[in-house]
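*Asks:* I need the structure of the sequence given here:
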Amino acid sequence: MTELPRKAFARGARLAALPLGYAGRSALGFGRRLGGQSADVVLTEIQQRTAEQLFRTLGELKGGAMKFGQALSVLESALPEDLVKPYREQLVKLQDSAPPMPTQTVRDQIARSMGPDWRERLVWLDGGQAAAASIGQVHRGRWHDGRDVAVKVQYPGAGEALMSDLRQLARVARSVAPVFPGIDIKPLVEELQARAADELDYELEGEAQAAFAEAFSDDPQVVVPEVVHAGPLVLVSEWMDSPGSLATIIADGTREERDHYGELLARFLFSGPARTGMLHADPHPGNFRPLPNADGSPGRLGVLDFGAVARLPDRHLPASMGRLMRVAAQDDPEALVEALRSEGFIKPGIQVDPQLVFDYLSPFVDPTRVERFRFSREWMRTQFERVNDPRQPEFAVATRLNLPTSYLLIHRTWLGGIGLLSLLETEAPFRAILTEHLPGFAG
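*Replies:* Residues are numbered from 1 along each chain as shown. Next comes the predicted model:
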């Protein structure tokens, strides 16, 4: 597949086939169980094959399908290890690669966005893609002033494909949910739909990236490439050399690298809002690049892709978020429920058991109770299994809590960031980071 499929019918048919494939494999599995095979063995095999089809299709279609896959890939750390192993390779492929767009199509898109004289500014363009994104791909080039640049070019028909994909994914979300036990797929798709228009606007993305680049221009730990040109279909930034993304650290990084880059990631996510008034809201491994020092030791963290940002009304994270985390870390269930009611997380008239609410939320703030906390896949999986197991008394608490609309994107970013730290298995001074950067947490 060399070009983004643009016809809604063709793309919808491929996405609609996902639940049909799952149903067929489930029927076959039922027959095999009747034949005497272990139910656990059959179920695992069905999930493996479904996951392989799901992520292969999402990666090939790009657009909203690949965006959905990237969002799911960050939550890998919440899945049981025996289900994750068979398709972890597919997840990594989604984060870092996709089939390329033809060279002529790339040039046509650049001409549409920059005008027929684009070669006078972009004097050299590598014909091969350097990286892939969900709605575009990146090429290396050279600007007329001699700077090496990264040229992000939007796929033809990306807008139509993105919205069509997300509509179709909303319809089939329940059917692909068995691949991700314990993760509610429908709200994830709804949140992606809500911010889709912003991600298609490369000029808006350029404004956000420029703001981050200026805010972090003198930062000794974080690098954000400067914007050279922003047009409707093309975004040109200064080139940033890197041996790979955080996916390489997740796969093969040393303990020093995992702790170092994970801590820089956490500091960036929490310090960004105070510096820019925006939250980088797409924390998947491909958007973060380790930049080793000359001697090979861990260095700065490069940050890419500002298409998904939360523009915060008060230009910082809500102080209520910090206050609630501080209260949740204390052994006072009544105070926690009172704080949740005051911030709108428990609606008027809803009755809850304070102890159950405390038991439900308390483990999520474990990282703030110690000087240094070790995130891990096991810790992340334990939290998901605990709150999504109907046999546990805390399970019913989730239905009584209300997440205000203003928190939706912050919540997903928080979950994605914690998931990424868990994939890295980072140990970091998380409490100190929140004390410094999260309003309301220090008291």
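*Asks:* what's Q330 in contact with, if anything?
*Replies:* Each residue near Q330 by C-beta atoms under 8 Å, 6 or more residues apart in numbering is listed here: L336. C-beta coordinates here come from the backbone N, C-alpha and C atoms, glycine included.
*Asks:* so it, which of the three states?
*Replies:* coil (DSSP: H, G, I helix; E, B strand; the rest coil).
*Asks:* which stretches of the stretch 301-443 of the chain form helices?
*Replies:* In the stretch 301-443 of the chain, the segments counted as helices under DSSP state H, counting those that start in this stretch are 319-328, 333-342, 354-361, 377-387, 408-424, 430-437.
*Asks:* Can you give me the buried ones in the longest one?
*Replies:* For helix 408-424, the neighbour count (16 or more other C-beta atoms under 10 Å) marks 408-410, 412-424 as buried.
*Asks:* What is the nearest of those to D332?
*Replies:* Among the buried residues of helix 408-424, W414 lies closest to D332 (C-beta to C-beta), at 22.7 Å.
*Asks:* Can you give the domain ranges for this structure?
*Replies:* Domain assignment for the chain, taken from automatic domain parsing, gives 8-98+159-197, 103-157+199-238, 242-443.
*Asks:* May I have the distance across stretch 381-395, first residue to last?
*Replies:* Distance across stretch 381-395, first residue to last, is 15 Å (C-alpha to C-alpha, to the nearest Å).
*Asks:* for the record, mean pLDDT for that stretch?
*Replies:* Averaged across stretch 381-395, pLDDT comes to 75.
*Asks:* Check stretch 418-429 too.
*Replies:* Rounded mean pLDDT across stretch 418-429 is 94.
*Asks:* Just the terminal-to-terminal distance for it.
*Replies:* End-to-end distance of stretch 418-429: 14 Å, with C-alpha to C-alpha as the criterion.
*Asks:* returning to that earlier point: worst average pLDDT in the domains of the chain?
*Replies:* The weakest mean pLDDT among the domains of the chain belongs to domain 8-98+159-197, with a mean of 55.
*Asks:* Direction included, what does the lengthiest strand in the chain pair up with?
*Replies:* As assigned by DSSP state E, the longest strand anywhere in the chain is strand 122-132. Counting by DSSP bridges, the strands paired with strand 122-132 are strand 136-143 (antiparallel).
*Asks:* Which residues does the partner strand contact?
*Replies:* 98, 100-101, 106, 121-132, 148-155, 158, 228, 236, 239.
*Asks:* go on, stretch 400-411?
*Replies:* Stretch 400-411 is contacted by residues 187, 191, 194-195, 279, 281, 310, 313, 317-318, 321, 340, 343-347, 350, 352, 357 when judged by C-beta under 8 Å, 6+ apart.
*Asks:* Pull out the buried members of those residues.
*Replies:* 191, 195, 279, 281, 310, 317-318, 321, 340, 343, 345-346, 352, 357.
*Asks:* Which pair of these spans the longest distance?
*Replies:* The two members of the buried ones among the contacts of stretch 400-411 with the most space between them (C-beta to C-beta) are R195 and V352, at 31.0 Å.
*Asks:* Quick check: phi and psi on K152?
*Replies:* Note on K152: backbone dihedrals following degrees, to the nearest 10 are phi -90, psi 120.
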